[in-house]
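Enquirer: Build me a model:
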Amino acid sequence: MSKRSYLAIALVFLFFILLAAEVIPDDFNGEWWDAKWHYRVKLEINSSTYERVDWPIEYEINFTALLAQSGVSGTFDINSTRVFEYDSSGNLLYEVPSQFDIAEDYDASTNAHGTLVFLMNGTTSAGQVRYYYVYFDIIENGEKNASSYDTDLNYSWDGEEINVSNFKITWYIDTLRGENTSGIYRVIGESGEMFITPDEENRTLEYVHYTNGTYNFSFDLRNNASFFFGPVRLIIIQKGNETFWNDPENKTNMSTIMKKYVFYSKNTWIKIIQNITATSPINRSSTPSGALAFDVGRGWTSYVSEGNPTDPGSWYWAGATAGGIGHVGIINLNESVPNFYANESLDLGRIGIEMNETIFSSISQTAVLHFNDTEAVSNQVSELRDRLLDPEKITIHPIETWVVIGAGTTEYMIYNRNETVEIKLNVTDDLYNLTKNANATFDMGTGEEDDETIILNEVGYQNGYHIFNGSYNLSNNATEGIWNITFKMYDS
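Expert: You can find the predicted model right below:
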């Protein structure tokens with residue numbers, strides 16, 4: 001009597017991107033961009049009260065915390081961030097140039113946080129909502145290539161002077177000019193030179209000028225700059241010790257400054273942020289409009305000015321009437337103490353930020369400077385102030401993960417040699433309908449070298465499930481024992 005041999009088939013499932021946990025978003029009508037990216041989060045941005053044009057979005061985001069929402073741990077892939085705009089129906093429109101600037105205490109494994117920066121491009125009407133998905137991933141899912149975008153933003157640095165341009169405006173910064181000033185000394189727009197450029201022996205047009213009532217002070221920023229560049233935003237950071245005015249070697253040993261310039265793609269306004277830290281509480285004020293001074297009286301031979309020194313959002317503006325073109329305006333956007341305000345000094349020919357007498361251990365202030373090289377229009381500055389004080393409203397939705405779940409079956413669990421194994425795969429959960437192909441790999445329990453893979457045929461949809469099937473013929477010398485079938489699903 002001949003002995004009949006049986007082959008037992010055990011099913012094992014391997015999904016192309018099966019994730020550890022699934023978080024179902026509150027609304028998931030947006031098509032998925034690329035299945036190689038496993039996570040995304042939706043941002044809804046409401047322009048609020050005002051129309052905005054090419055408006056910078058600077059959103060603080062923590063990818064480690066987002067991943068934790070879905071029970072995922074891993075090392076954040078800093079090259080993986082991508083931003084796409086969608087319409088209100090969930091249709092993908094286009095990729096948006098973006099950058100992710102890491103925080104000082106960034107850690108890819110435990111604290112992957114920083115600022116996501118992109119432009120809400122074009123014109124966004126008052127009250128209009130725009131929809132963006134931010135895609136990201138962890139290194140464990142395969143490292144992604146860094147993004148690359150064309151940009152109008154560029155800079156150069158020769159160790160003393162900095163040149164920054166975004167095709168609309170070109171700014172020149174000198175870190176070592178007359179009276180040990182460091183700041184913007186020249187501005188060129190599409191229409192030409194905006195100001196009379198001061199000689200090297202004279203002060204820059206923009207600088208800081210503090211006092212304690214007896215002595216005046218500056219900071220030693222000579223040949224000092226660090227750059228954090230992306231396609232949307234450029235940050236320049238300078239750090240230096242407080243010095244007596246026009247005497248950089250004579251340090252007070254009482255405080256240091258971190259001065260930060262922020263330039264944006266497609267925009268003619270910039271931010272200048274000051275953080276001053278003292279070794280112990282000190283008493284300081286600024287000279288008139290000197291906490292951040294802009295000497296319009298030296299930049300033009302004559303000008304007109306107007307503004308409002310009342311906070312919040314105090315502002316001043318000056319427009320050329322001879323000796324130059326256009327205007328410059330300054331806005332007091334933010335401050336750590338309520339002692340800063342925008343003002344002007346007719347005697348000194350300045351507009352700027354003024355600081356009343358303050359005792360502090362640390363202090364910070366953010367100013368916005370607006371430039372126009374074609375016309376002098378004061379309401380451009382006041383309207384920018386309004387938009388900055390009433391910013392866009394950003395709503396972040398729960399993290400979404402691409403989870404694909406399938407159920408593989410065979411007709412029987414035990415087969416004879418020379419029989420045919422009929423295989424069926426039901427894709428039961430494919431939220432974004434990305435499964436395009438599937439295959440099945442037969443492992444005879446003898447190692448990978450003799451594994452066989454067959455491509456499954458797409459049957460279509462039955463009862464809401466995406467169905468694939470196929471068949472495999474067992475040979476006359478098929479190995480006896482436990483076989484595994486591994487199903488894989490692909491998005492292309």
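
Enquirer: give me the low-pLDDT residue ranges for this protein?
Expert: 1-29 (pLDDT under 70).

Enquirer: Break it down into its structural domains.
Expert: Domain segmentation of the chain under automatic domain parsing yields 7-17+406-490, 39-149, 154-389.

Enquirer: most tightly surrounded among these?
Expert: Among the domains of the chain, ranked by average contacts under mean count of other CB atoms under 10 Å, first place goes to domain 154-389 (a mean of 19). C-beta: built from backbone N, CA, C; applies to glycine.

Enquirer: from the chain's centre, how far out does it sit?
Expert: In this view, domain 154-389 has its centroid 25 Å away from the chain centroid, taken as CA atoms, centre = their mean, to the nearest Å.

Enquirer: Could you measure from W483 over to D451?
Expert: Using CB to CB, to the nearest Å, W483 is found at 10 Å from D451.

Enquirer: For F217, list the residues it contacts.
Expert: 209-211, 242-245, 252, 284 (CB atoms under 8 Å, 6 or more residues apart in numbering).

Enquirer: With only the CA atoms kept, save the strand or helix carrying it in PDB.
Expert: Secondary-structure assignment from DSSP states H and E places F217 in strand 216-219. The C-alpha trace of strand 216-219 is given here as PDB (Å, rounded to 0.1, in the frame of the first residue of the first chain):
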ATOM      1  CA  ASN A 216      25.900 104.700  25.800                       C
ATOM      2  CA  PHE A 217      26.300 101.000  24.800                       C
ATOM      3  CA  SER A 218      26.500  98.800  21.700                       C
ATOM      4  CA  PHE A 219      27.400  95.200  21.200                       C
END
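
Enquirer: give the contact list for E422.
Expert: Per CB under 8 Å, 6+ apart, neighbours of E422: 410-411, 469, 471.

Enquirer: Please identify the helix or strand for it.
Expert: strand 420-430.

Enquirer: Each with direction, which strands does that strand pair with?
Expert: Strand 420-430 has the following strand partners under DSSP bridges: strand 404-410 (antiparallel), strand 465-473 (antiparallel).

Enquirer: all helices of the stretch 151-300 of the chain, in order?
Expert: For the stretch 151-300 of the chain, the helices defined by DSSP state H, counting those that start in this stretch cover 296-299.

Enquirer: M355 reaches S289, doesn't it?
Expert: No - when contacts are counted by CB atoms under 8 Å, M355 is not listed as touching S289 (9.8 Å).

Enquirer: Among the contacts of E422, which one lies nearest to Y86?
Expert: Distance ranking of the contacts of E422 against Y86, using CB to CB, places N469 first at 34.6 Å.

Enquirer: follow-up on the earlier one: between the contacts of E422, which is nearest D199?
Expert: Using CB to CB, those come closest to D199 at N469, 82.5 Å.

Enquirer: ok, that closest one - contacts?
Expert: 422-425, 456-457, 459.

Enquirer: Leaving out chain neighbours, which residue sits closest to it?
Expert: Spatial nearest neighbour of N469, excluding adjacent residues (CB to CB, 6 or more residues apart in numbering): K424 at 4.9 Å.

Enquirer: strand partners of the strand holding F217, parallel vs antiparallel please.
Expert: In its sheet, and by DSSP bridges, strand 216-219 pairs with strand 210-211 (antiparallel), strand 233-244 (antiparallel).

Enquirer: Now distance to I325 too, for those strands, in a markdown table please.
Expert: Output for the strands paired with strand 216-219, formatted as a markdown table (distance: least, CB to CB, whole Å):
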| stretch | distance to I325 |
| --- | --- |
| strand 210-211 | 31 |
| strand 233-244 | 24 |
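
Enquirer: So for K260, which of the ones you listed sits nearest?
Expert: Nearest to K260, of all those, is strand 233-244, at 5.2 Å by CB to CB.

Enquirer: From what I see, N166 and D152 are in contact.
Expert: Yes - using CB under 8 Å, N166 is in contact with D152, at 4.8 Å.
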